[in-house]
Every structure is written in C-alpha cells, then in structure tokens.
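1. Below is the structure, and that's it, no one-letter string:
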Ligand code: URA
C-alpha cells in the first residue's frame with residue numbers, strides 16, 4: 001500500500017494533508033524517514049508518524065443482501081441486526097453504509113472504510129440509489145412527472161428530482177387467481193390493484209420512498225434496494241447472505257469517489 005494511503009487508513013489525516021507531512025519528513029518506515037508519498041509500505045513494516053507508531057487496518061468491502069425482518073444497526077439489545085448476518089466476515093470495525101428499513105430488502109454495503117461510507121452518504125454528494133417497489137394503486141404518468149419535478153412530503157420538505165419508471169400496473173379486476181406470494185419481484189405476478197416501479201433517488205431522507213409515495217396517495221407494500229452508486233446487488237446472492245466485493249466492483253466503486261481518485 002502507498003504510504004499516503006497507509007497513513008490515511010491509520011487515521012492520521014486526509015491524503016492531501018498527509019502528502020505535505022510526508023514530504024516534510026514526518027513519516028518513517030522501519031526506522032527510515034520516507035519523503036516519497038508513493039513509497040510502497042511492505043507488509044508487516046513498522047510505520048511511525050510524527051514519531052508515534054501507527055497501524056492501518058486492512059480495509060474490507062462486502063455486499064449484503066439484506067432480508068426483511070432485521071434492523072440496520074451494528075448492535076441492538078433485542079433485535080437481530082444486519083451485522084448479526086455477517087458472521088465470519090474478516091475485518092475490524094465493520095458497519096453498514098446507510099440504512100434500510102426493517103421491512104426493506106436488498107443491497108447494503110458493509111465496510112470499515114469510513115471515508116468511503118462518509119462520501120457515499122453525505123447529502124451534498126447526491127449518490128444515486130435505485131429501488132424496486134411494489135405500490136398499492138395505479139402509478140400514473142402524472143406521478144412520474146411529480147417525482148421528476150421534486151415532491152413535497154407530508155411535512156413540507158421538498159425532495160430532489162427522482163426518476164420513476166413504471167414497470168407494470170395491474171388493475172383491480174386483473175386477478176388471474178395466481179397466489180400473491182411474498183410480494184418480492186422474484187414472484188413476478190403483479191397482485192391486483194398494485195403497480196411495480198423502479199425509482200432512483202439521489203438523497204437519503206428518513207423513509208424517503210415510502211413518504212414520496214404517500215405524498216401521491218399510495219402505499220409501498222414491498223421495497224428492495226438494487227443499487228447504490230455503481231454497485232449493483234448480485235441477484236444470485238440469496239437474501240440473508242453476503243460476499244466480498246469483486247475487484248471489478250471495488251475498483252468501480254472507488255473510482256466513483258473523488259477522495260480515491
Ligand atoms: N426509502 C424507504 O422508505 N425505506 C427504505 O428502507 C429505503 C428508502
């Protein structure tokens with residue numbers, strides 16, 4: 001790992017601050033002062049910064065397919081959390097990036113990379129999140145326009161423009177007798193009186209999608225996150241399971257974040 005990244009991962013400062021400090025001779029590797037910010041730190045090297053030993057935690061990145069019925073928290077005294085599903089995942093200080101409601105399924109990024117998490121969640125960075133939703137009632141082109149123009153929620157807060165795509169609508173008389181199942185998109189019959197949509201939002205207000213649909217007189221009955229920035233849920237990953245990001249997924253994710261480029 002490059003020396004500037006090593007020190008940043010060890011919490012010594014930002015990459016740009018650290019570049020200056022390294023050039024001023026404040027970092028040493030195995031007892032030798034190193035002024036080259038791109039110096040490759042060998043595994044198991046002893047690194048000091050401003051005379052004190054420092055250690056970078058290995059950064060790890062996982063995709064969890066969150067099932068319904070667990071809360072998005074690191075720990076809880078009574079409830080099962082998403083971190084309870086991460087048993088055996090190597091890495092210290094793991095946490096979920098962003099929050100999904102207990103009944104929401106889908107993509108959660110789990111990492112110990114605080115800088116990445118902070119970037120992805122900062123309101124000013126407008127990272128796209130894509131959801132599949134099943135909604136009671138008929139979603140109309142008028143709703144699509146209202147979402148695009150920026151909905152005003154029940155509490156008067158205005159949302160940024162959101163992209164709403166209608167995938168299917170089933171009228172009240174369209175029941176063909178097929179059982180409704182669990183409401184998930186894998187069960188691909190649209191129950192009567194509901195609409196299936198894909199929605200892209202670039203912010204993360206509390207219960208945002210449910211409140212947006214409420215603002216146009218509809219209820220979300222099923223919600224699943226499909227993507228966050230360039231990272232897409234691997235549909236082959238069963239609900240409740242996790243896996244490490246592939247190198248390609250991680251490279252694409254980090255390339256979308258200016259602090260890494
Ligand atoms: N919007 C919601 O309403 N709930 C979620 O879990 C995520 C987005």
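-> Here it is on my side, so go on. Values in this document were obtained by computation on a predicted structure and should not be read as measured data.
2. Now do the helices in the stretch 51-200 of the chain.
-> Applying DSSP state H, counting those that start in this stretch to the stretch 51-200 of the chain gives helices spanning 114-121, 141-149.
3. can you list the residues of the stretch 151-261 of the chain near the ligand?
-> Counting by CB under 6 Å from any ligand atom, the residues of the stretch 151-261 of the chain close to the ligand are 207-210, 223. For the C-beta atoms, the positions are set from N, CA and C on the backbone; glycine is no exception.
4. between the helices of the stretch 51-200 of the chain, which gets nearest to residue 250?
-> helix 114-121 (9.8 Å; CB to CB).
5. State the mean pLDDT of the closest one.
-> The pLDDT scores in helix 114-121 average 92.
6. counting contacts, what elements does that helix pack onto?
-> Helices and strands touching helix 114-121, by 3 or more CB pairs under 8 Å, 6 or more residues apart in numbering; DSSP states H and E, are strand 95-97, strand 105-111.
7. Out of the residues of the stretch 151-261 of the chain next to the ligand, which end up buried?
-> Burial by neighbour count, 16 or more other CB atoms under 10 Å: within those this picks out 208-210, 223.
8. In the helix or strand of the chain with the lowest mean pLDDT, which residues are buried?
-> One helix or strand of the chain scores below all others by mean pLDDT, DSSP states H and E: helix 3-9, with a mean of 89. Neighbour counts over helix 3-9 (16+ other CB under 10 Å) mark 3-9 as buried.
9. before we move on, what about stretch 144-161?
-> 144, 146-147, 151, 153, 159.
10. Which pair of those spans the longest distance?
-> Maximum distance among the buried residues of stretch 144-161 (CB to CB): 17.4 Å, for 144 and 153.
11. Surely residue 111 is in contact with residue 60?
-> Yes. Counting by CB atoms under 8 Å, residue 60 is a contact partner of residue 111 at 6.5 Å.
12. Mutual contacts of those two, please.
-> Both residue 111 and residue 60 are contacted by 91, 94, under the criterion CB atoms under 8 Å, 6 or more residues apart in numbering.
13. which of the two has more neighbours?
-> Remark: of residue 111 and residue 60, residue 111 carries more neighbours, 22 against 18, as counted by other CB atoms under 10 Å.
14. So which of the residues of the stretch 151-261 of the chain next to the ligand sit within helices?
-> With helices taken from DSSP state H, the overlap with these comprises 208-210.
15. that older thread, pipe the buried ones among the residues of the stretch 151-261 of the chain next to the ligand into a markdown table and attach pLDDT per row.
-> Shown next, in a markdown table, are those (pLDDT from 0 to 100):
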| residue | pLDDT |
| --- | --- |
| 208 | 97 |
| 209 | 98 |
| 210 | 98 |
| 223 | 98 |
